[in-house]
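Give me coordinates for this.
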Amino acid sequence: MQIRISWPAGYITATLDAGTPTSQALAKALPLASTASTWGEEVYFDTGIAVSRETDARQVVEPGTVVFWTDGDALALPYGPTPISRGSECRLASPCNVLGSVDGDAGLLATVRDGDPIRVELIEE
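Below is the predicted model:
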């Protein structure tokens, strides 16, 4: 399953595992519009959906991993260190459901500004 995430300065696409309960819930909610927040080198935004933490939820992920932060009902897109990272790792605020990864350069997320409008759409095959 592919999604497109766009903001005023650009966009990225991401490939998600369609088999997880969180991905399925997200797909049903698309398209969605939200407002970006930033936390170190992470962009996150409210989705309006609530899901449970999955058994394989992780707090430290690779840059460009697409995760769902269950504590905040938000999609989170880490592309580098956060304020609680140790070294260069991407450490999330709490364990998150892993959905997939950004296609290409996750560093493009550095152009997202706090308060930017964000749109997430399903890319139809």
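
Going along the chain, name the strands of the protein.
2-7, 10-16, 32-35, 37-38, 42-46, 58-61, 65-69, 74-78, 90-103, 117-123 (DSSP state E).

want to throw the ones you listed into a markdown table with mean neighbour count and distance to residue 52?
(Each C-beta comes from the backbone N, C-alpha and C, glycine too.) As requested, the strands of the chain are exported to a markdown table (neighbours: other C-beta atoms under 10 Å; distance: least, C-beta to C-beta, whole Å):
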| stretch | mean neighbour count | distance to residue 52 |
| --- | --- | --- |
| strand 2-7 | 19 | 21 |
| strand 10-16 | 17 | 17 |
| strand 32-35 | 14 | 19 |
| strand 37-38 | 18 | 22 |
| strand 42-46 | 23 | 17 |
| strand 58-61 | 15 | 15 |
| strand 65-69 | 24 | 10 |
| strand 74-78 | 25 | 15 |
| strand 90-103 | 20 | 9 |
| strand 117-123 | 16 | 21 |
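
Which of the ones you listed sits closest to residue 25?
Using C-beta to C-beta as the measure, strand 65-69 is the one of those that comes nearest residue 25, at 8.6 Å.

For the chain, give me the ranges with low pLDDT.
By pLDDT under 70, the chain contains no weakly predicted segment.

follow-up on the earlier one: please convert the strands of the chain to CSV, extending it with distance to residue 25.
Shown next, in CSV, are the strands of the chain (distance: least, C-beta to C-beta, whole Å):
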stretch, distance to residue 25
strand 2-7, 13
strand 10-16, 11
strand 32-35, 11
strand 37-38, 21
strand 42-46, 14
strand 58-61, 19
strand 65-69, 9
strand 74-78, 11
strand 90-103, 10
strand 117-123, 13
